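Based on what follows, work out the 3D shape:
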Amino acid sequence: MLTEPIRIAVVATEGPDVLSQILRKMPAVSIVATTEGYRLDPHSPDFRALAEARPEIVMVGVSSSGSQLIQAIRTLRQVVPESMLFACLSKSDPQIIIEAMRAGAGEFLEAPVSEADVQQAIARYVSERHTPLQTEASGALYSIIAGKLSSGATTVAINTANTIATETDAPTLLIDLDMPLGDAAAYLNLRPQYTVQDALGAASRLDSTLLENFTVKAKNSNLNLLGGFRDYTARSAVTPSALESLLRVSRRTFSHTFLDISGSIDGDQAVVIARQSNQILIVLTPDLPAIWRTEKLITFLSHHGAADNVKLVLNRTSKRDDIGERDIERLLSQPVYHSIPNDYGACLKAINSGRPLQQEDSRSLHHSINQLALQMAGIRNRKDSKGFLGMFLRPSSIGG
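Take a look at the predicted model:
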């Protein structure tokens, strides 16, 4: 039960009178600021007064210009980043709604706005913001980390995620968190309009709908991708709180989330990843530099609470390797969870074709990565006469 009125500000191009009149009839509401017209300068006196009023809700009133409304929402998001923004639209244009959501709007009302519309919108806000959260259903999250640069972690992440998306039909997301720049979109020949940097920047208002709008579907696949960073200065965007929000919303939205992560994460990020991940797979190759770096990475992750979930995936293995699987287990004092055979030509063919690996690229490599994915997700399978894998999927304990 609320003990204080909800603090609401009104911003409108055509004067705030109509909205203000509706709000004044509501005893649980306090109007803390009103302004006529969009002053798009966040340093203007009107916007400073708005920020000082600290409204819980800002109602952005009717505009005949969708671009003006979206610009106003972006400006308000800078001025009052913690406020919920209600956008009042003169018509329900789906594209404007999507753009307004991406800019920061959290609720939409169609003009002419009625008292019942406003009451229902505020009631939804109260229900979500002031009611204690119930236990949320949570999907599994798998972090794929490169033990060394060019270890093949992105290939492993893309193809294990694609296997789960294909074989289970469950909502599956691959998040490209490789730094400084991510390659997953290039591997899949995609040009996403939005990236993980947009999702992290929207962390304070991120929900399932907005996250899904930030993603792009891989071609001929059920896999969703949240593309990687586009510039070298993006590292500062990965704050622990933003990363935590992104991963929580992803687990709430998708049955399976895969992270493609470079080995250059910092301590605060490692804590979040350790807390959220069902499994953390370190992908390394059978050479001394990779083993040396992987040892340092295991120690680093262990210091940040991830020791129990770390597993080793040995990539590009061959019978001719100077350093074998047993040597690596002895040097790292940890068993190898899965070994993937070397077929760089097949991987390169898939990458240059802009798609995940197919059985015709390399039967043994495709089978190995599929088995790794099913093992990670705790899904058992058995062969039958209908195909190479003969999948009869039966879920067991996720993350086992």
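
Show residues contacting stretch 203-220.
When contacts are defined by Cβ atoms under 8 Å, 6 or more residues apart in numbering, stretch 203-220 is touched by residues 77, 81-82, 84, 98, 101-102, 104, 106, 162, 173, 185, 188-190, 192-195, 198-199, 202, 223-227, 241-243, 245-246, 249-250, 252-253, 354-356. All C-beta atoms are positioned from the backbone trio N, CA, C, and that covers glycine.

Restricting to C-alpha, output it in PDB.
Extracted in PDB, the C-alpha atoms of stretch 203-220 (Å, rounded to 0.1, in the frame of the first residue of the first chain):
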ATOM      1  CA  ALA A 203      19.800  -0.900 -18.600                       C
ATOM      2  CA  SER A 204      17.800   1.200 -16.200                       C
ATOM      3  CA  ARG A 205      14.600   0.700 -18.300                       C
ATOM      4  CA  LEU A 206      15.400  -2.500 -20.000                       C
ATOM      5  CA  ASP A 207      12.700  -5.100 -20.200                       C
ATOM      6  CA  SER A 208      11.900  -8.200 -22.300                       C
ATOM      7  CA  THR A 209      10.300  -6.200 -25.100                       C
ATOM      8  CA  LEU A 210      13.000  -3.700 -25.400                       C
ATOM      9  CA  LEU A 211      15.700  -6.300 -25.300                       C
ATOM     10  CA  GLU A 212      14.100  -8.300 -28.100                       C
ATOM     11  CA  ASN A 213      13.900  -5.100 -30.200                       C
ATOM     12  CA  PHE A 214      17.600  -4.700 -29.800                       C
ATOM     13  CA  THR A 215      18.300  -8.200 -31.200                       C
ATOM     14  CA  VAL A 216      18.400  -9.500 -34.700                       C
ATOM     15  CA  LYS A 217      17.500 -13.000 -35.900                       C
ATOM     16  CA  ALA A 218      20.300 -15.100 -37.500                       C
ATOM     17  CA  LYS A 219      19.400 -16.200 -41.100                       C
ATOM     18  CA  ASN A 220      17.700 -19.600 -41.400                       C
END
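
what about the strands in the stretch 1-150 of the chain?
Along the stretch 1-150 of the chain, counting by DSSP state E, counting those that start in this stretch, strands occupy 6-12, 29-36, 57-60, 84-89, 107-110, 140-146.

And for the stretch 301-400 of the chain?
Under DSSP E, counting those that start in this stretch, the stretch 301-400 of the chain gives strands at 310-317, 336-341, 379-380, 394-395.

Test my guess that Gly152 contacts Leu314.
No - look at Gly152 against Leu314 with Cβ atoms under 8 Å: they stay out of range, at 10.4 Å.

So for these two, which residue has more residues nearby?
Leu314 (25 against 22; other Cβ atoms under 10 Å).

what pairs with the more buried one across the strands?
Leu284, Ser339 (DSSP bridges).

domain ranges for the protein?
Segmentation of the chain into domains, based on automatic domain parsing, reads 6-130, 140-395.

Show me where the stretch 251-400 of the chain dips below the pLDDT cut-off.
Scanning the stretch 251-400 of the chain for pLDDT under 70 picks out the ranges 381-400.

what stretches of the stretch 51-200 of the chain score poorly on pLDDT?
62-65, 91-95, 98, 102, 128-137.

Helices of that one, start to end?
Taking DSSP state H, counting those that start in this stretch, the helices of the stretch 51-200 of the chain run over residues 66-79, 94-103, 115-130, 153-168, 184-187, 196-201.

cool, the stretch 301-400 of the chain as well?
Under DSSP H, counting those that start in this stretch, the stretch 301-400 of the chain gives helices at 325-332, 344-353, 363-377.

what comes into contact with the second one?
Meaning helix 344-353. Gly152, Thr155, Tyr187, Asn189, Arg316, Pro356, Leu357, Gln358, Asp361, Ser362, Leu365.

From the residues you listed, list the buried ones, please.
For the contacts of helix 344-353, a burial check counting by 16 or more other Cβ atoms under 10 Å picks out Gly152, Thr155, Tyr187, Arg316, Pro356, Leu357, Asp361, Ser362, Leu365.

before we move on, the earlier item: just the buried subset of the contacts of stretch 203-220, please.
77, 84, 101-102, 104, 106, 162, 173, 185, 188, 192, 194-195, 198-199, 202, 223-227, 242-243, 245-246, 249-250, 253, 355-356.

related to what we said a few turns ago, ok, which pair from the contacts of helix 344-353 is furthest apart?
Maximum pairwise distance in the contacts of helix 344-353, criterion Cβ to Cβ, is 23.2 Å, between Asn189 and Arg316.

still on that earlier bit, looking at the helices of the stretch 301-400 of the chain, which one is packed in the most?
Ranked by mean neighbour count, the helices of the stretch 301-400 of the chain are led by helix 363-377 with a mean of 20 (mean count of other Cβ atoms under 10 Å).

thinking again about what came up before, just send the helices of the stretch 51-200 of the chain back as CSV, with distance to Asn213 too.
Formatted as CSV, the helices of the stretch 51-200 of the chain follow (distance: least, Cβ to Cβ, whole Å):
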stretch, distance to Asn213
helix 66-79, 14
helix 94-103, 6
helix 115-130, 19
helix 153-168, 19
helix 184-187, 16
helix 196-201, 10
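
Which stretch among those helices is buried most, on average?
Taking mean count of other Cβ under 10 Å, helix 153-168 is the most buried of these, at a mean of 25.

Isn't Ala51 up against Gln78?
No - using Cβ under 8 Å, Ala51 is not in contact with Gln78; the gap is 9.4 Å.

Are there residues contacting both of those two? Which ones?
Common neighbours of Ala51 and Gln78 (Cβ under 8 Å, 6+ apart) do not exist.

show me the residues around Leu259 that make contact.
Contacts of Leu259 (Cβ under 8 Å, 6+ apart): Leu141, Tyr142, Ser143, Ile144, Ala157, Leu174, Ile175, Leu177, Leu247, Ile273, Ser277.

what about 6 Å?
Ser143, Ile175, Leu177 (Cβ atoms under 6 Å, 6 or more residues apart in numbering).

Considering those, which possesses the most neighbours?
Neighbour max across the contacts of Leu259 (other Cβ under 10 Å) = Ile175, 30 neighbours.
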